[in-house]
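Student: return a 3D structure for these sequence lines:
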Amino acid sequence: QVQLVESGGGLVQAGGSLRLSCAASGRPLRTYAVGWFRQAAGKEREVVARINWANDNTRYADFVKGRFTISRDNAQNTVSLQMNSLKPEDTAVYYCAAGTVLIGPYDYWGQGTQVTVSS
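Tutor: Predicted structure coming up:
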């Protein structure tokens with residue numbers, strides 16, 4: 001099993017940036033596909049970005065393309081989400097998750113980190 005802990009959330013003004021980090025313990029994160037998901041209040045959880053384990057192939061939701069970047073640091077056993085040009089509608093709890101394949105299902109989840117973007 002792998003345990004995941006997110007960090008880096010906070011309050012930022014619209015147009016600003018945040019970098020979220022997903023730290024893993026228990027197993028090397030490089031052996032998993034990793035995804036970032038988010039859930040805003042009153043809404044369903046949605047996928048934001050994913051990165052494959054084999055070739056670092058990435059996928060992004062249309063609403064973050066060009067603004068967010070997912071990346072791995074295998075030495076640190078982390079996956080990060082660089083978020084630029086943040087908008088108030090990006091406000092949500094962000095979760096990282098790990099699974100066997102990019103398309104899911106994702107079996108292991110972190111506890112989430114709150115991102116709030118003020119207008």
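Student: so who does A24 touch?
Tutor: Taking CB atoms under 8 Å, 6 or more residues apart in numbering, we find A24 in contact with V2, Q3, L4, N77, T78, V79, A98. Using the backbone N, CA and C atoms, a C-beta is placed for each residue, glycine as well.
Student: now it, what's its secondary structure?
Tutor: strand (DSSP: H, G, I helix; E, B strand; the rest coil).
Student: show me the contacts for the nearest residue to L29 once chain neighbours are set aside.
Tutor: Distances taken as CB to CB, 6 or more residues apart in numbering place N77 nearest to L29, at 5.1 Å, with adjacent residues excluded. For N77, the contact set (CB under 8 Å, 6+ apart) comprises A23, A24, S25, P28, L29, R30.
Student: these, buried ones only, as a PyMOL selection?
Tutor: Per 16 or more other CB atoms under 10 Å, the buried members of the contacts of N77 correspond to this PyMOL selection:
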select buried, resi 23+24+29+30
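Student: next, the residue nearest to Q82 when sequence neighbours are not counted: phi, psi?
Tutor: Distances taken as CB to CB, 6+ apart place T69 nearest to Q82, at 4.5 Å, with adjacent residues excluded. Phi and psi for T69, reported as degrees, to the nearest 10, are phi -140, psi 130.
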